[in-house]
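*Asks:* Here's a sequence, model it:
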Amino acid sequence: MREMYDQNGNSHLVPHQEVQNKLKSGWMLFKPAVTKTEKNIITKTTKRPKATMRITKAEAEVIKPYNEEDN
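*Replies:* Residues are numbered from 1 along each chain as shown. As a prediction, this is how the structure comes out:
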């Protein structure tokens with residue numbers, strides 16, 4: 001089964017044997033971009049950049065001191 005989308009973005013599960021026929025009739029394999037029209041303003045959804053965390057300060061504490069004699 002393959003999930004396919006119509007022009008309105010509605011999804012349906014389609015058997016693999018029917019995929020080519022659905023593609024020819026206007027169905028899509030991927031969900032279409034969402035667009036809205038309000039008073040001649042068109043907005044489209046875009047992917048946000050992945051959030052990253054920056055470490056600005058690091059602190060460390062010695063729990064057990066290292067002695068060469070222990071080796």
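
*Asks:* Flag the shaky bits of the protein, pLDDT-wise.
*Replies:* Counting by pLDDT under 70, the chain shows low-confidence ranges at 34-45, 66, 68-71.

*Asks:* residue ranges of the helices in it, please?
*Replies:* 19-24 (DSSP state H).

*Asks:* what residue lies at the spatial centre of it?
*Replies:* Among the residues of the chain, the one closest to the centroid is K47, at 7.4 Å (CA atoms, centre = their mean).

*Asks:* Okay, that residue and M53: tell me how far apart.
*Replies:* Separation of K47 from M53 (CB to CB, to the nearest Å): 19 Å. Quick note: C-beta positions are derived from backbone N, CA and C, even for glycine.

*Asks:* Ok, N10 next?
*Replies:* Going from N10 to M53 by CB to CB gives 38 Å.

*Asks:* More neighbours: the two, which one.
*Replies:* Shown here are N10 and M53; by other CB atoms under 10 Å, N10 has more neighbours (9 against 4).
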